[in-house]
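Engineer: Pasting the sequence and the predicted coordinates here, then a few questions.
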Amino acid sequence: MNIKKLYFWLVSLISIIAIAVSLGIMLSSLWKVFFISNEEYLVTHDYEFKNCEYAAKSQLCWWKTINCNLDQEKYETAVKKCKDNKKKDIILRRFYNLKITLIGSVSTFIVFLIIFLFHYPKFKKEN
């Protein structure tokens with residue numbers, strides 16, 4: 001086997017593997033978004049919502065650290081507002097991460113597809 005043939009064979013093989021991996025990443029990312037609802041996704045981030053109670057209390061009682069008499073209505077409003085903002089942020093981050101993953105995997109897919117299309121015919125011609 002000559003070097004040129006080995007080179008075309010190796011590049012073609014690596015390209016096929018990279019195409020398969022990038023296609024797998026792309027499809028799994030899309031399936032996660034389609035099959036896992038936003039509500040289900042938010043459940044996995046409940047730790048971020050727990051911080052809202054502390055943040056609301058410290059925001060309303062910043063001048064007193066001990067025996068702060070909270071206005072319950074203001075406290076509940078602040079907690080609800082914080083949780084609503086967290087919910088929006090988490091969902092935005094989810095779709096941002098999806099876009100970043102798709103951009104990376106589509107780019108990888110296209111690059112290795114081009115490499116494969118230029119090298120595989122030459123490998124076949126060498127046979």
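Structural biologist: In hand now; what should we look at? Numbering: from 1, shown residues only.
Engineer: what about the spatially most central residue of the chain, distance to I36?
Structural biologist: The centre of the chain sits closest to N97, judged by CA atoms, centre = their mean, with a distance of 2.9 Å. According to CB to CB, to the nearest Å, N97 stands 13 Å off from I36. All C-beta spots, glycine's among them, are computed from the backbone N, C-alpha and C.
Engineer: Longest helix in this structure, please.
Structural biologist: helix 72-126 (DSSP state H).
Engineer: Buried residues in the lowest-mean-pLDDT helix or strand in the chain, which are they?
Structural biologist: Ranked by mean pLDDT, DSSP states H and E, the helix or strand of the chain with the weakest confidence is helix 46-60, at a mean of 80. By neighbour count on 16 or more other CB atoms under 10 Å, the buried set for helix 46-60 is 49, 52, 56, 60.
Engineer: got the contact list for it?
Structural biologist: With contacts defined as CB atoms under 8 Å, 6 or more residues apart in numbering, helix 46-60 is touched by 68, 70-71, 74-75, 78-79, 82-83, 86, 90.
Engineer: could you flag which of those are buried?
Structural biologist: Buried members of those, scored by 16+ other CB under 10 Å, are 75, 78-79, 82-83, 86, 90.
Engineer: What is the nearest of these to Y41?
Structural biologist: In terms of CB to CB, no member of these lies closer to Y41 than I90, at 7.4 Å.
Engineer: For that closest one, give me its contacts.
Structural biologist: Counted by CB under 8 Å, 6+ apart, I90 has contacts 41-42, 45, 48.
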